[in-house]
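A.B. asks: Build me a model:
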Amino acid sequence: MPSTSTINSMKSLIAHEVNHNMRYQYIDWDGGSLIELIIAEGLAENYIESLYGKAYIGPWVTNTNWSRDNVKIKNTIYNHLHLKHIFESMPYLYGDDINKLQGRPIVGLSHAAGYACGYHLVKYFLQKTNIPIEVATTLPAHKIINEVTEFWHTHTL
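C.D. replies: Below you'll find the predicted structure:
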């Protein structure tokens, strides 16, 4: 039996997955590069926010202390943006607690840090460009990331 919390979060979870489905009607899956993973997850969480508000963003974003940890998270992920395969990239998306449970490498990141990084990167992109989330969802990851190169080297909240 699902808990009340699970039932209350269903519309957010559905919107998140619908955003992924919309994206991959326009974007060819690249095998799971770290760039694609963080952009796709960031787009999905920003889509939820655009539909329902900030209170509906997933705990994989909101439980990260971004104001305290953003520099470390961004530095770690930035230094691994060259990763092209999903099994190399996932540790940077999920963080060390999940990595340990699943036998993946420990990379020095908190729970779901890649989701939080993607959310803030895409939020920064949307604010900088004024491109609607629906349009951004159809853009290749490299177009988004190349537009916000300063994100990696600034203290963004």
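A.B. asks: Run through the helices of the chain in chain order.
C.D. replies: Remark: helices assigned in the chain by DSSP state H are 4-26, 34-52, 59-62, 66-78, 86-94, 96-102, 113-129, 133-136, 141-147.
A.B. asks: For residue 141, see how far away the residue nearest to residue 38 when sequence neighbours are not counted is.
C.D. replies: Using Cβ to Cβ, 6 or more residues apart in numbering and skipping the chain neighbours, the partner closest in space to residue 38 is residue 118 (3.6 Å). All C-beta atoms are positioned from the backbone trio N, CA, C, and that covers glycine. Counting by Cβ to Cβ, to the nearest Å, the gap from residue 118 to residue 141 is 10 Å.
A.B. asks: okay, these two: which has more neighbours?
C.D. replies: residue 118 (30 against 21; other Cβ atoms under 10 Å).
A.B. asks: quick one: the more buried one and residue 39, what's the gap?
C.D. replies: 6 Å.
A.B. asks: Then residue 27?
C.D. replies: Taken as Cβ to Cβ, the span from residue 27 to residue 39 is 9 Å.
A.B. asks: what is in contact with these two at once?
C.D. replies: The contact sets of residue 27 and residue 39 overlap at residue 141 (Cβ atoms under 8 Å, 6 or more residues apart in numbering).
A.B. asks: circling back to that earlier point, okay but the residue nearest to residue 38 is in contact with residue 42, surely?
C.D. replies: Yes. Between residue 118 and residue 42 a contact is recorded at 3.0 Å, counting by Cβ atoms under 8 Å.
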